[in-house]
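Peer 1: With the input below, show me the fold.
(one chain, ligands or ions: 1)
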Amino acid sequence: MSDRIKLIKGFQDVLPPQSLAFARIEQAAQEVFATYGFQEVRLPVLEHTELFARGIGLGTDIVEKEMYTFLDRKGRSLTLRPEGTAGAVRAYLEAGFGKGEAVKWFYSGPMFRYERPQKGRYRQFYQIGAEAIGYPGPGTDAEIIAMLDRFFQRLQVPGIRLELNSLGCPGCRPAYREVLLKFLDSKKAALCEDCNRRLNTNPLRVLDCKVEGCKQAVAEAPAVFDFLDDECQRHFAGVTKDLDIYGVSYTVNPRIVRGLDYYTRTVFEYIATDGLGSQNAVAAGGRYDGLIEELGGPPTPGIGFALGVERVALLIEEKGEEKPEYYIVALGAGACEEGIRLLGALRFIGLKVEMLTDGLDRSMKSQMKAASKSRAKEVIIIGSEELTQGQYTIKTLESGEQNTVNKIDFIKQKMIAFHVNNIDFGFKIS
Ligand code: HAM
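Peer 2: Here you go, the predicted model:
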């Protein structure tokens, strides 16, 4: 036997029942987002490295240490997307929307970050994200948050809370930067090597450092929330006003800084109070009014969020796969053919039905064993007696109750119940 090839560290196979939870989450997103007028886009997982270097920012952890970057056969630097916003903006400009047109898009798919793997944190993980580009007003911030809130309600995700902040705009930043630099200067000795470097390049990033010593050193740092100019204060008030109208509860947390450089004004995070340990951000997002320009487009506002599918899946109760309605047990060649015809007909009608169709002529005992393992509600038994009489024996697995039905009546009744009209499945139904 040769050596088994193993999964890459930090990557995951998504198998049942986790895959069922993923499907339920994706379906809820599609249904809820559609009611808010968001349309799906499917974007590549591979982009030019420069897109993320410029979009997310050179001093960020993601760009500095977490990207899967490589040279392709022509020597171009490409990167597996660590997030979806930069790619969505690239697609927006590429499609010729660059005259400030408004779009409401959502996407789902894998993202890649070379982070230390732990519960809820993987190197390939799935996000569902939404981006509203071309909408400047605070009403859109509130609406997109309300949409995310509705999604969590639909899935009945327990124990999460919304935290909200404003990071101001380039207008408010110089005054804040000065005060922040003064504060950080007094903590220099306690900051890690990276942060000492960031003091000169991107001091705001120091507030997002994951090193314990830095976290403690900046615990009392001044918050940009206290330096907002009039416009940014008005914008924030507009967001909270509409959130109150929508009935979305939130807490203002001036400590939210976010790990990507593109944010302006509104930022928010949904935090799990229980069940996720340290990786407790279930979804996060904010406004990025400078990003489209940064990526070569005209000044265009944008706001969005992304949620971590694995993290939501860890929080929702796994409902499990739906049990089959029927399991068909057939004895003998003629009964097997009848069984397969019935299987096709019931599945066409829309019922979940199982049968051993591999033609191995199994005993009644082994077929009944498979039926109870499938946890089907009822078993349809077809033996030689049933075949000659044009009947089926139907057995309820839980009670053991058993009765015989005329096969045409049985099929007709199912067709009526499931609104399927006059289809001849070889049963000669008139
Ligand atoms: P982010 O905060 O980097 O934002 O990621 C959003 C969510 O993705 C996180 O809250 C978390 O649930 C999930 N996530 C992130 N990293 C991992 C990981 N390594 N393993 C598992 N889940 C993870 C963004 O990505 C922005 N693009 C969001 C956005 C969209 N902002 C505006 N528009």
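Peer 1: so where is this structure shaky, pLDDT-wise?
Peer 2: Low-confidence segments of the chain, defined by pLDDT under 70: 422-425, 427-430.
Peer 1: Can you show me the strands along the stretch 101-250 of the chain?
Peer 2: With DSSP state E, counting those that start in this stretch, the ranges of strands along the stretch 101-250 of the chain come out as 103-112, 124-133, 160-166.
Peer 1: With mean neighbour count and distance to the ligand as added columns, please give these in CSV.
Peer 2: Using the backbone N, CA and C atoms, a C-beta is placed for each residue, glycine as well. Formatted as CSV, the strands of the stretch 101-250 of the chain follow (neighbours: other CB atoms under 10 Å; distance: least, CB to the nearest ligand atom, whole Å):
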stretch, mean neighbour count, distance to the ligand
strand 103-112, 20, 7
strand 124-133, 23, 3
strand 160-166, 21, 11
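Peer 1: Kindly reformat those as CSV containing distance to D208.
Peer 2: Converted to CSV, the strands of the stretch 101-250 of the chain look like this (distance: least, CB to CB, whole Å):
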stretch, distance to D208
strand 103-112, 18
strand 124-133, 19
strand 160-166, 13
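Peer 1: Return the set of residues that bridge with the closest residue to N280 other than its chain neighbours.
Peer 2: Nearest residue to N280, sequence neighbours excluded (CB to CB, 6 or more residues apart in numbering): A272, at 4.6 Å. The residues listed as beta-bridge partners of A272 by DSSP bridges are I160.
Peer 1: I'd like to know how many residues surround A272.
Peer 2: 22 (other CB atoms under 10 Å).
Peer 1: Next one: it relative to the ligand, how far apart?
Peer 2: Relative to the ligand, A272 is positioned 9 Å away (CB to the nearest ligand atom, to the nearest Å).
Peer 1: Identify the residues contacting that residue.
Peer 2: 159-160, 280-282, 311, 315 (CB atoms under 8 Å, 6 or more residues apart in numbering).
Peer 1: Go again with 7 Å.
Peer 2: Applying CB atoms under 7 Å, 6 or more residues apart in numbering to A272 gives the contacts 159-160, 280, 282, 315.
Peer 1: Repeat that for N196.
Peer 2: Residues near N196 by CB under 7 Å, 6+ apart: K188.
Peer 1: and with 10 Å instead?
Peer 2: If a contact means CB atoms under 10 Å, 6 or more residues apart in numbering, then N196 has 184, 188-189, 206, 214 as its contacts.
Peer 1: same question, R347
Peer 2: Applying CB under 10 Å, 6+ apart, the residues near R347 are 353-354.
Peer 1: Checking it next. Helix, strand or coil?
Peer 2: At R347 the chain is in helix, as set by DSSP: H, G, I helix; E, B strand; the rest coil.
Peer 1: gap between it and R341?
Peer 2: Look at R347 and R341: by CB to CB, to the nearest Å, they are 11 Å apart.
Peer 1: just to revisit the earlier point, select from the contacts of A272 the one having the most neighbours.
Peer 2: Using other CB under 10 Å as the neighbour criterion, V282 leads the contacts of A272 with 25 neighbours.
Peer 1: Please identify the helix or strand for that residue.
Peer 2: Using DSSP states H and E, V282 sits in strand 281-287.
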